[in-house]
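[1] below are the sequence and a predicted model for it; my questions follow.
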Amino acid sequence: MTDGTVYSGSHWQRYATGDTDEAHAYIRRAFFDVRVRFSGEGRDGFGLRTITTGLADVGVTRLHYSARTQLQTAPDGDLNITHMMTGRFTIARDKDDYRLRPGDVALMLPDHAQDADFDDIDAFITRLPRALLEEVAHAQTGISGADLRFDSSRPISAALGRHWTQAVLPPDPQCACPTLP
């Protein structure tokens with residue numbers, strides 16, 4: 001692992017660090033602002049490894065974060081959709097706790113702060129800009145941007161959660177996923 005170094009390929013950028021402050025700064029740059037409440041080493045120490053690509057403002061990241069961490073998000077309007085591959089991840093807002101298992105899909109809400117508690121996670125995260133969401137919602141349903149809301153981290157149905165997973169991941173995620181640094 002090379003601390004703080006970004007590796008560039010033709011379409012993918014790799015990042016790895018063993019420093020918690022650098023890892024939290026990366027999360028703030030890549031996804032949203034966070035207020036870290038607790039961060040400690042995982043079973044194998046601390047490490048953040050990512051590989052990211054993007055098209056315009058849409059980003060796709062495979063992320064492995066080994067530290068046990070509790071934080072609160074400060075949303076910026078963009079939608080981050082997480083597909084958990086391994087690890088433990090709980091998202092909470094008010095009295096709603098969503099405990100993800102490997103294979104589950106979750107939204108990090110674009111308009112509401114959430115509490116997150118995770119440990120040794122490996123996940124795919126897709127970032128969709130608010131402007132794109134509003135454009136598609138209006139074109140498909142006539143909903144204006146001001147009326148577009150996301151109220152839960154859970155998929156509307158298990159079938160739609162599976163549909164998302166099938167759209168963004170290969171049938172065998174272990175063999176065709178981009179490899180981490």
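    It's in.

[2] and the residue nearest in space to the middle of the chain, what element?
    Central residue of the chain (CA atoms, centre = their mean): I125, 3.7 Å from the mean position. Using DSSP states H and E, I125 sits in strand 115-128.

[3] show me how far that strand is from its chain's centre.
    Here the centre of strand 115-128 is set off from its chain's centre by 4 Å, with CA atoms, centre = their mean, to the nearest Å.

[4] name every strand pairing with it and say which way it goes.
    Paired with strand 115-128 in the same sheet, following DSSP bridges, are strand 58-65 (antiparallel), strand 68-74 (antiparallel), strand 79-93 (antiparallel).

[5] what's the next secondary structure element after that strand?
    Note on strand 115-128: by DSSP H and E, the next helix or strand toward the C-terminus is helix 130-141.

[6] now do the buried residues in that next one.
    Neighbour-count burial for helix 130-141, with 16 or more other CB atoms under 10 Å as criterion, is recorded at 130, 133-134, 137. For the C-beta atoms, the positions are set from N, CA and C on the backbone; glycine is no exception.

[7] next: stretch 78-86.
    Here stretch 78-86 shows 78-85 as buried, counting by 16+ other CB under 10 Å.

[8] same deal with stretch 58-75?
    Neighbour counts over stretch 58-75 (16+ other CB under 10 Å) mark 59-71, 73, 75 as buried.

[9] give the contact list for the closest residue to M108 other than its chain neighbours.
    Leaving out its chain neighbours, the residue that sits closest to M108 by CB to CB, 6 or more residues apart in numbering is N80, at 4.1 Å. Residues counted as contacts of N80 (CB atoms under 8 Å, 6 or more residues apart in numbering) are 31-32, 107-108, 110, 125-128.

[10] quick one: contacts for the residue nearest to the centre of the chain?
    Counting by CB under 8 Å, 6+ apart, I125 makes contact with 31, 59-63, 80-83.

[11] repeat that for T61.
    30, 50-52, 124-127.

[12] repeat for T73
    T73 neighbours (CB under 8 Å, 6+ apart): 32-34, 108-109, 113-116.

[13] tell me the one of those residues nearest S157?
    The shortest gap between S157 and any of the contacts of T73 belongs to L109, at 17.9 Å (CB to CB).

[14] surely that closest one touches R154?
    No - using CB atoms under 8 Å, L109 is not in contact with R154; the gap is 10.8 Å.

[15] quick one: which of those two has more around it?
    L109 (20 against 17; other CB atoms under 10 Å).
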